[in-house]
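Chemist: Prediction below, plus the sequence it came from.
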There are 2 protein chains.
Amino acid sequence: MPELRYEPVTKTWVIIATERAKRPSNFAPPRLPRKEGQECPFCPGNEKATPPEVMAYRPKDTVPDSPGWQVRVVPNKFPALNPEAAAGATIRRDFFHAVEGAGAHEVIIETPDHERSFATQEADEILLALRSWQDRYIGLGENRNLAYTQIFKNHGAVAGASLEHPHSQLIATPLVPVTLAAELANTGDYYAEHGRCFFCDALEKEEREGSRLAWRDENVVAFCPFASRFPLEVWFLPRRHQESFAVATKAQLFSLAGALQAITRRLFTEMHDPPFNLLLHSAPYRGGDYHASYHWHLELLPRVTIIAGFELGTGMYINPTPPEMAGEFYRAE
Amino acid sequence: MPELRYEPVTKTWVIIATERAKRPSNFAPPRLPRKEGQECPFCPGNEKATPPEVMAYRPKDTVPDSPGWQVRVVPNKFPALNPEAAAGATIRRDFFHAVEGAGAHEVIIETPDHERSFATQEADEILLALRSWQDRYIGLGENRNLAYTQIFKNHGAVAGASLEHPHSQLIATPLVPVTLAAELANTGDYYAEHGRCFFCDALEKEEREGSRLAWRDENVVAFCPFASRFPLEVWFLPRRHQESFAVATKAQLFSLAGALQAITRRLFTEMHDPPFNLLLHSAPYRGGDYHASYHWHLELLPRVTIIAGFELGTGMYINPTPPEMAGEFYRAE
């Protein structure tokens, strides 16, 4: 029988559709050859094909926008939000309400190697990408006009990646996004009721129950959430209670890199490298006290099902793969 | 410059990304040949390939599950929610919360003709589909265990249609879906503040402004909402204030059929028939008084952009086609 499972962080329900149950292997897409990288604007030697770099990890004897870098961060060529817009400037405020699209939109080129990805990189290479996320997350927070920076990775064309070279993106917004606002409010309510962080409780209960666990070490626990919206969805939580990604230590980030490597490698080898989105959720830069109630984390959402009319109409997801089956898939490594 | 536009019905913000601005014609997908329909389980003669029909419009001298029908409604072969589950039965209620997946999941086969769609049908054929929606919407509402019926259409594989034969679906849920609950709450707040229905006001203001209007007659107005989440998004509203689709008259449904025909025909001829989702939003069956504050409507969401990491992380959409450009596209008919 299908189940309706409650997702307390966003206060939604998910349908675990057992009548449509699918083992993870049902979703493995056909293997596709990778394209040639010669014309890739993110490959070394093509630095002039992007706007000038905002930041890079590169040897001191190399110059900006030239080869030699390990990680390179550049403005998106077609930014969704623009640092030159006037923050807070109202365009219209009658029945209709619009403000100038102030913010930032940057691309993090995670490695010079076109052919690699988290699944085939070493943990210390992934660590560099995570450190660059943290540097930009902190750096953009110094701009008082910005409320939040959404860091995300679109892996594969179906998940929204228009270029194949390993990269992630960030969009910094002048307001707290609606999903994060809901998470902050709901986990705030949980804290008010229980006197504990929802995520700390979830981590403890998932470890005790074990059936949805995917990976763990002394710093990070990865599990398939009870009300997973997507087949093979994984959340990555630091064991230590921290509201913001900004304060994560190098040891924590190294563990997180190991977790990402293990999980994406499993998808790569057993599922033909399916498309996925990876999202960072962290407390906003200012306003509100989420110190005790929020807990930064990553969500990995494989895109092997389609977001269709039911999901767009209701906000409810239909997931044909029970997360217990997904946990087993990852633990079988 | 990009704009952030506020969407009051769901209290979200949308990025109108002018730096990425795209004319509608940029999104026209390649023309694909239609597949052969001989093996189609929805075609006349193949009635035994589906579960027995729940309802059909067919001449009195034909028998159920045989040819001759104009519209045929059957249970989904792999239902997301199941009428045989025990409504309200708790599976688990500790830290984790799950209930049995009671509900209904049906397919509305809109026409015996495999080759047609709203874009190429006559308005009186589309009217039959809409009447079947209404019949099932009302019929399922008699089940006291059901709170709501989400009726939707996935057109094209990218929008989630696994079969090509023209059809829509319904999923009846034992609870009010989160998106509808938010719409009811937010438009209730609007009513409390202004003493008017938000949708009635939107309709009046869109008609007066005109730039986002897409189609209208004496019963129905279609426009591209100010904070459209998707390129070429269209909302269809009845002029008459009605909270529920259940009470729409035949004249209103005929106008709606004409609107759907005109809008989908424009997409078909000028945009190579792109994938889209079509959603009905209506007041829930019981509980709460939304008589004055809610207003049923349809939303047509072309799926020519990808819902990627930013959208899934933030709940905010990036729309590269200003709705004023979309309105112009539809009005140019």
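Modeler: Arrived safely.
Chemist: Could you use CA atoms for every contact and neighbour count after this?
Modeler: Fine.
Chemist: Name all residues that make contact with the residue in the stretch 101-250 of chain A positioned nearest to chain B.
Modeler: Taking CA to the nearest CA as the measure, the stretch 101-250 of chain A has A:G101 as its residue closest to chain B, at 4.3 Å. Under the criterion of CA atoms under 8 Å, 6 or more residues apart in numbering or on different chains, the neighbours of A:G101 are A:80-82, A:85-87, B:1-4, B:15.
Chemist: Likewise for A:E106?
Modeler: Listed by CA under 8 Å, 6+ apart, the contact partners of A:E106 are A:73-76, A:79, A:169-171.
Chemist: Surely it is in a strand?
Modeler: Yes. With DSSP: H, G, I helix; E, B strand; the rest coil as the criterion, A:E106 is part of a strand.
Chemist: what are the bridge partners for it, then?
Modeler: Legend: beta-bridge partners of A:E106 under DSSP bridges are A:P75, A:L170.
Chemist: Break down the stretch 201-333 of chain A into its helices, ranges please.
Modeler: Under the criterion DSSP state H, counting those that start in this stretch, helices of the stretch 201-333 of chain A are mapped to A:250-271, A:309-314, A:323-331.
Chemist: can you put these in TSV and add mean neighbour count and distance to A:A181?
Modeler: Formatted as TSV, the entries for the helices of the stretch 201-333 of chain A read as follows, by neighbours: other CA atoms under 10 Å in any protein chain shown; distance: least, CA to CA, whole Å:
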stretch	mean neighbour count	distance to A:A181
helix A:250-271	20	25
helix A:309-314	22	19
helix A:323-331	21	26
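Chemist: Buried ones among the contacts of A:E106?
Modeler: Among these, those classed as buried by neighbour count (16 or more other CA atoms under 10 Å in any protein chain shown) are A:73-76, A:79, A:169-171.
Chemist: Format those residues as a markdown table; extra columns: pLDDT.
Modeler: Converted to a markdown table, the buried ones among the contacts of A:E106 look like this (pLDDT from 0 to 100):
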| residue | pLDDT |
| --- | --- |
| A:V73 | 98 |
| A:V74 | 98 |
| A:P75 | 97 |
| A:N76 | 94 |
| A:P79 | 92 |
| A:Q169 | 98 |
| A:L170 | 98 |
| A:I171 | 97 |
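Chemist: circling back to that earlier point, any idea which of the helices of the stretch 201-333 of chain A gets closest to chain B?
Modeler: With CA to the nearest CA as the criterion, chain B lies closest to helix A:309-314 of these, at 5.0 Å.
Chemist: Just the residues contacting that closest one, thanks.
Modeler: A:316-318, B:150-154, B:159-160, B:171, B:177-180, B:277-281.
Chemist: Distance from it to the middle of the chain?
Modeler: Helix A:309-314 sits 22 Å away from the centroid of its parent chain (CA atoms, centre = their mean, to the nearest Å).
Chemist: Need the mean per-residue confidence for stretch A:210-218.
Modeler: Per-region confidence: stretch A:210-218 scores 98 on mean pLDDT.
Chemist: right, quick check: that stretch against chain B, any contact?
Modeler: No. With CA under 8 Å from any CA of the partner chain as the criterion, chain B is not reached by stretch A:210-218; the gap is at least 12.4 Å.
Chemist: Give me the distance between that stretch and the centre of its chain.
Modeler: Using CA atoms, centre = their mean, the mean C-alpha position of stretch A:210-218 is found 19 Å from that of the whole chain.
Chemist: So which bits of it are buried?
Modeler: Within stretch A:210-218, the residues that count as buried by 16+ other CA under 10 Å are A:211-216.
Chemist: could those go into JSON lines alongside distance to B:F245?
Modeler: Compiled in JSON lines, the buried residues of stretch A:210-218 are given as follows (distance: CA to CA, whole Å):
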{"residue": "A:S211", "distance to B:F245": "43"}
{"residue": "A:R212", "distance to B:F245": "41"}
{"residue": "A:L213", "distance to B:F245": "44"}
{"residue": "A:A214", "distance to B:F245": "45"}
{"residue": "A:W215", "distance to B:F245": "48"}
{"residue": "A:R216", "distance to B:F245": "50"}
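Chemist: Excluding chain neighbours, what is closest to A:G258?
Modeler: Closest residue to A:G258 in three dimensions, ignoring its sequence neighbours and counting by CA to CA, 6 or more residues apart in numbering or on different chains: A:A123, at 5.3 Å.
Chemist: if I pick A:L146, what's in contact with it?
Modeler: A:103, A:140, A:172-175, A:285.
Chemist: Quick one: end-to-end distance for stretch A:98-116.
Modeler: Using CA to CA, to the nearest Å, the span of stretch A:98-116 from its first residue to its last is 41 Å.
Chemist: same question, stretch A:5-16
Modeler: Across its full length, stretch A:5-16 reaches 7 Å between end residues, using CA to CA.
Chemist: anything in that stretch near chain B?
Modeler: Yes. Contact between stretch A:5-16 and chain B is present through A:5-6, A:11-13, A:15-16 (criterion: CA under 8 Å from any CA).
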